[in-house]
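Asker: Generate a structure from the sequence data that follows.
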Amino acid sequence: MDGDRRRWRQCLLSGAVFAVCMAGTTLPTPLYGLYQEKFGFSELMVTVVYAVYAFGVIGVLLLAGNASDSVGRRPVLLAGLAFSALSAVCFLCATGLGWLYAGRLLSGLSAGLFTGAATAYVMELAPAGGASKATFVATAANMGGLGCGPLLAGVLAQYAPWPLYLAFTVHLALVAVSALVLLRLPETVRDRTPLSTVRPQRPGLPPQVRSVFAPAATASFVGFALFGVFTSVSPAFLAQSLDVDNHAVSGAIVALAFFASTAGQLAVDRVGVRRSLPLGCAGLLAGLALLAGALWWDLLALIVASALVGGAGQGLAFRGALSTVAAASPPDQRAAVISMLFVVAYAGISVPVIGVGLLVDPIGLEGAGLVFIACMAVLVGAAAGYLLRRPARARA
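Answerer: Modelled structure (predicted):
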C-alpha cells in the first residue's frame, strides 16, 4: 500500500513537471499585442512567430522523438526543461523580432522533447493497474499546462507590474523547481544506451493504416489549426473588434479551449473510441460555426462558446484519432505511425495560421478568419462524411 502511494506521488510530480513545460509554450499568447506595440510588426509576423514553435516540435519529433527510449526519460526531460528555460530567457532579453523567433523555436524544441517522453514517464511511474488514471494525469498535465500558460501570463500582464517580464521570470522559477523534482524521481528505462545510438525516426504508413489515417489525420489537423488561430490571432480580434483590451480576459478565453480539450479527451472513456472521432468532428464543425458567428456579429459570448465547443471537439477527435491509428498499426511500426499523426497535427498549428496572417492585410482580420473557417469546415466535413460511410474501428 505504501509502495502504491509512493508511486502515485511520483506519477503526480512528473505530471506537474510536464504541465510546467507545456505552460511555457503558450505563455506569450496574451502578450503578442504588447510586443506588436513595442516592436511595431504586423499581424502576419505574429502568426509567423507563433508558427515557428510548430516547426521546432515537428523537427524534434522527426529527429529525436524516440530518444528517451534509448537514453532514458530523465535526461530527455531535463534537456526539455533547459530549452524551456532558454526560451524564457529569450523573451526576457527581447529587443526585436529575432529574439521572439528564437524563443518560440526553443519552446517548440522543449515541447517536442516532452510530448512523448513525459507521457511515457507519467504512465511508467504509476503503480500496476493504474494505467487509466495515469493516462488522465498525462492528459490533464499536457492540455491543462497549455491552458495555464495564457491564463497566468494574462493575469500577471493585466494586474501586476512588468507585463512583458514577470510571467517569464515566474516560469524560470517553476522550471528550476521542476528540474530539482525531476532529479529526485527514478529513471524508468532500464536498458539505456548512449546518445550516439539514437537515429532519426522515419514516419511510416503501413497499408493497413491508410484507410483510417486519412480521416484521423484530417480531424487532428483541423483541431490543432483551431487552437493555432485561438492562440495566435484571437487576442488581436478581441482588442480590435470587441474592444477587449484586458489581457487576463484574452488569456482566459484561450485557456478555456485547452481546458475543454482536456474534458473532451476524458469523455472518450464514456462515449467510446469508435464514436469519439465522428463526435469530435461534429464538435469541431460546431466550434467553427460559432467562431464564424463571433467574427460576423462581433459577439464575445460566441467566442467563449467556440472555445468551449471547439476545444471539446478537438479533445474527442484527437484522442479518438490517436487510439484509432494506434490500434490499426502493426506493433513494430506503431511509434512511426503515431509520429506521422503528430507531424500532421502540428502542421495544422503552423500552415493555416500563417495563411490567416497573409490574408489579414488584404481582407482584414474578420475576413481572414472566415476564409480559414470555410477551409477547415470543408476538411473536417469531408472527414466526418468518410467516417459516416466507413466507421473507424479501434481498441480503447
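
Asker: who are the neighbours of the helix or strand harbouring Phe168, in terms of helices and strands?
Answerer: Following DSSP states H and E, one finds Phe168 within helix 166-184. Counting contacts by 3 or more CB pairs under 8 Å, 6 or more residues apart in numbering; DSSP states H and E, helix 166-184 is packed against helix 2-26, helix 73-92, helix 131-159. For every residue, glycine as well, the C-beta is placed using N, CA and C.

Asker: Reformat the ones you listed as a markdown table; add mean pLDDT.
Answerer: Shown next, in a markdown table, are these (pLDDT from 0 to 100):
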| stretch | mean pLDDT |
| --- | --- |
| helix 2-26 | 93 |
| helix 73-92 | 97 |
| helix 131-159 | 91 |
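
Asker: Can you list phi and psi of Thr95 for me?
Answerer: phi -120, psi 0 (degrees, to the nearest 10).

Asker: how many other residues sit next to the nearest residue to Ala286 once chain neighbours are set aside?
Answerer: Among residues not flanking Ala286 along the chain, Val309 sits closest, at 5.0 Å (CB to CB, 6 or more residues apart in numbering). Per other CB atoms under 10 Å, the neighbour tally for Val309 reads 23.

Asker: what's the following helix or strand after the helix or strand containing Val309?
Answerer: Using DSSP H and E, Val309 maps to helix 300-328. Of the helices and strands lying after helix 300-328 in sequence (DSSP H and E), the nearest is helix 334-389.

Asker: and the helix holding Val309, which residues are buried?
Answerer: 302-328 (16 or more other CB atoms under 10 Å).

Asker: check contacts around the nearest residue to Pro278 once chain neighbours are set aside.
Answerer: Excluding its sequence neighbours, the residue lying closest to Pro278 (CB to CB, 6+ apart) is Leu387, at 4.5 Å. With contact taken as CB atoms under 8 Å, 6 or more residues apart in numbering, Leu387 is in contact with 215, 277-278, 281.

Asker: Only the buried subset of those, as a PyMOL command please.
Answerer: Buried residues within these, by 16+ other CB under 10 Å, are selected in PyMOL with:
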select buried, resi 215+277+278+281
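
Asker: Helices of the stretch 151-300 of the chain, start to end?
Answerer: 166-184, 210-232, 234-241, 247-271, 273-297, 300-328 (DSSP state H, counting those that start in this stretch).

Asker: so how far is the fifth one from its chain's centroid?
Answerer: On the basis of CA atoms, centre = their mean, to the nearest Å, the separation between the geometric centre of helix 273-297 and that of its chain is 18 Å.

Asker: Start at 769, not 1
Answerer: Happy to do that; since the first residue is 769 now, the last one works out to helix 1041-1065.

Asker: which helices and strands sit right next to it?
Answerer: helix 978-1000, helix 1015-1039, helix 1068-1096, helix 1102-1157.

Asker: What are the buried residues along that helix?
Answerer: 1041-1063.

Asker: And the contacts of stretch 952-971?
Answerer: By CB under 8 Å, 6+ apart, stretch 952-971 touches 778, 781-782, 829-842, 888-889, 892-893, 1103-1105, 1107-1108, 1111.

Asker: Could you pull up phi and psi at Gly898?
Answerer: phi -110, psi 20.

Asker: Count residues in the vicinity of Ala1035, would you?
Answerer: By other CB under 10 Å, 17 other residues sit near Ala1035.
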